[in-house]
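J.: sequence first, then the predicted structure, then my questions.
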Amino acid sequence: MADAEYLQKVEAQIKEMPSMENCRTSLADINRIFKPTFAVVSSPETGLNGMPVMTVAESIPKELKEGIKWTNLVDFAGSTSGEICKQAVEHADGKGDFGHSAGPPSATDIKNSFWCLYWRGKVGGGLTSSLINMSPTQKENNWGSEQLGAHAPYFVTEGTYRMVVIVTIDGGPITQVEKSLIPTIMKNVIGDLNRRKYSWVLGVRLVWTHFKTIEDMVQSLEGVRTLTVDYDFQGEFHYEDDQYKPVVYKHVDADAQASPVANPSMLTKSGSEILEEARVGAAVNMQGLMMALVACDRDAVEFIIKKAPDFLKINLDEQDGNGLKPLHAASCVACANDVNASMCRALLQLRAEINAVCAAGRHGDGTHDLGIEGDVTPIKIAVAHKRADAVAALLEYKADIGMIEDDACSIQNFLELKDIPPELHYKEYWLNKMRGIVDTVALLRSAKGL
């Protein structure tokens, strides 16, 4: 048989083979076969349809079935990194991030911004840390047939391996620049591991899946096969599987004639329930506000209240018996360097009620868990806890001191030396406490005209 005729026969056989264009897989397939760690590294805050994308992504871990590994490396507007980048820019030249030209920033402006550099470091570090700290996975005996049957990435691996599946969701200009940088980040992660002499680096597998919307991603978690190999990235992508396919997968619209089989869901509830809960729920929660107040983190407190102004009127934790509103809590938590005053002013500027009465936590004898009698207002709590800076801030905003008795304006009524426990004779603690008492009494006496 002549070579030309032989080649024609081979070509005819190849044309009868299924096309990858009609092969679909899902995150559920990939999880079932490989048991990887999934890492969401880029997404918009909100989708074009109003869906709170980041809120959904952050809610996924608690909705996953047992044993599934998931991490979130996404950054967001209002995170602490924004302030860090702002400081770096001001130190560099006093100008803003994302370039200095008028109008929206270009892709080059975004790529070279401090924000983008910070994000790249966060994602690269998170992926590297995930690979270093994960336990190696042993391949199953039927691994090859499972990979082929699910149209998943195909790896011929001897022994153990470590896999991270990177997940991105399309968004606006910044998110699109982040997406374009994923191949480089993957290359750099492998490069850094190679430079540290890790003996297991040959078993590292990175796969990238990108989706148009958060709804598409949730469907894939449910086992709907809408992921296919993305050859568009083949020219710039640095990694292929052992079938010479790029290890990057894109979402395509569901096709009844292409791989219609759906896998068991990775989720404990339906995707539609998760999406609806995120749509109607807040992007922040009361637990986060409580922690921000305890940590004396004014910036976080402001961020949360601006997202959910109604939190100003809600008791933080009635189950514990205290039921303090945010301003009450800010008036008494143990902060240093006038942070109490700063948090109180921030909450008052956001329209917290200066004389709000806290009734939750009251016992039958009229006292509170805080050891205060009667109605509890923010300034009454601040006085009881000797937070002089908070007292000063509340007085600036005309807090009502009518419920504070005149005998509270006496240093002796706050503290008697015989009451100091012998085991707590640390002079730094008590000197600081005494300063708070003296300053609080002076403020009250001045306010009452005594």
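T.: Arrived safely.

J.: can you give the domain ranges for the protein?
T.: Listed by automatic domain parsing, the domain ranges of the chain are 14-280, 286-448.

J.: need those domains in TSV (columns: mean pLDDT, mean neighbour count and distance to Ala4).
T.: Using the backbone N, CA and C atoms, a C-beta is placed for each residue, glycine as well. Below are the domains of the chain laid out as TSV (pLDDT from 0 to 100; neighbours: other CB atoms under 10 Å; distance: least, CB to CB, whole Å):
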stretch	mean pLDDT	mean neighbour count	distance to Ala4
domain 14-280	82	17	16
domain 286-448	73	17	70
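
J.: got those domains as TSV, with distance to Glu5 columns?
T.: Output for these, formatted as TSV (distance: least, CB to CB, whole Å):
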stretch	distance to Glu5
domain 14-280	15
domain 286-448	71
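
J.: which of those domains sits closest to Gln8?
T.: Closest of the domains of the chain to Gln8 is domain 14-280, at 10.7 Å (criterion: CB to CB).

J.: any idea where the helices of the stretch 1-150 of the chain begin and end?
T.: 3-16, 27-34, 53-63, 80-92, 107-111, 114-133, 143-149 (DSSP state H, counting those that start in this stretch).

J.: closest one to Asp297 among those?
T.: Among the helices of the stretch 1-150 of the chain, helix 80-92 comes nearest to Asp297, with 9.2 Å by CB to CB.

J.: which residues in the stretch 151-300 of the chain form helices?
T.: 173-195, 214-221, 271-280, 286-294, 298-307.

J.: so Val53 touches Val40, yeah?
T.: No: with contacts counted by CB atoms under 8 Å, Val53 stays clear of Val40, the gap being 9.9 Å.

J.: hey, what's in contact with both of those two?
T.: Common neighbours of Val53 and Val40 (criterion: CB atoms under 8 Å, 6 or more residues apart in numbering): Ile169.

J.: kindly list the longest strand within the chain.
T.: Longest strand of the chain, by residue count under DSSP state E: strand 160-169.

J.: ok now stretch 179-195, how far from the chain's centre?
T.: 22 Å (CA atoms, centre = their mean, to the nearest Å).

J.: can you list contacts of that stretch?
T.: 41-42, 107, 111, 116, 120, 123-124, 127-128, 131-132, 166, 168, 170, 201, 204, 206, 208, 210, 233, 236-239, 248.

J.: follow-up on the earlier one: to Val357, which of the helices of the stretch 151-300 of the chain lies closest?
T.: Nearest to Val357 among those is helix 286-294 (18.9 Å), distances taken as CB to CB.

J.: now the closest one against helix 298-307, angle please.
T.: Here the directions of helix 286-294 and helix 298-307 differ by 150 degrees (axes from the mean of the first three to the mean of the last three CA atoms, to 10 degrees).

J.: helix 286-294 packs against which elements?
T.: helix 298-307, helix 326-330 (3 or more CB pairs under 8 Å, 6 or more residues apart in numbering; DSSP states H and E).

J.: redo those as CSV? Include distance to Pro183.
T.: Formatted as CSV, these follow (distance: least, CB to CB, whole Å):
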stretch, distance to Pro183
helix 298-307, 33
helix 326-330, 45
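
J.: residues in contact with Ser220?
T.: With contact taken as CB under 8 Å, 6+ apart, Ser220 is in contact with Ser26, Leu27, Ala28, Thr209, Phe211, Thr226, Leu227, His251.

J.: what do you get for Glu222?
T.: Ala28, Ala262, Ser265, Met266, Leu267, Ser270, Gly271.

J.: and the residues you listed as CSV, adding distance to Gly159?
T.: Putting the contacts of Glu222 into CSV (distance: CB to CB, whole Å) gives the following:
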residue, distance to Gly159
Ala28, 26
Ala262, 32
Ser265, 30
Met266, 26
Leu267, 31
Ser270, 38
Gly271, 36
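
J.: among the helices and strands packed on helix 286-294, which comes closest to Ala352?
T.: Per CB to CB, nearest to Ala352 of the helices and strands packed on helix 286-294: helix 326-330, 4.3 Å.

J.: which elements pack onto the next helix or strand after the closest one?
T.: Heading C-terminal from helix 326-330, the first helix or strand you meet, by DSSP states H and E, is helix 339-349. If contacts are counted by 3+ CB pairs under 8 Å, 6+ apart, helix 339-349 sits against helix 298-307, helix 326-330, helix 378-384, helix 388-396.

J.: and of these, who's closest to Tyr6?
T.: helix 298-307 (68.4 Å).

J.: quick check: angle from the closest one to helix 339-349?
T.: Using the same axes, to 10 degrees: helix 298-307 against helix 339-349 is 20 degrees.
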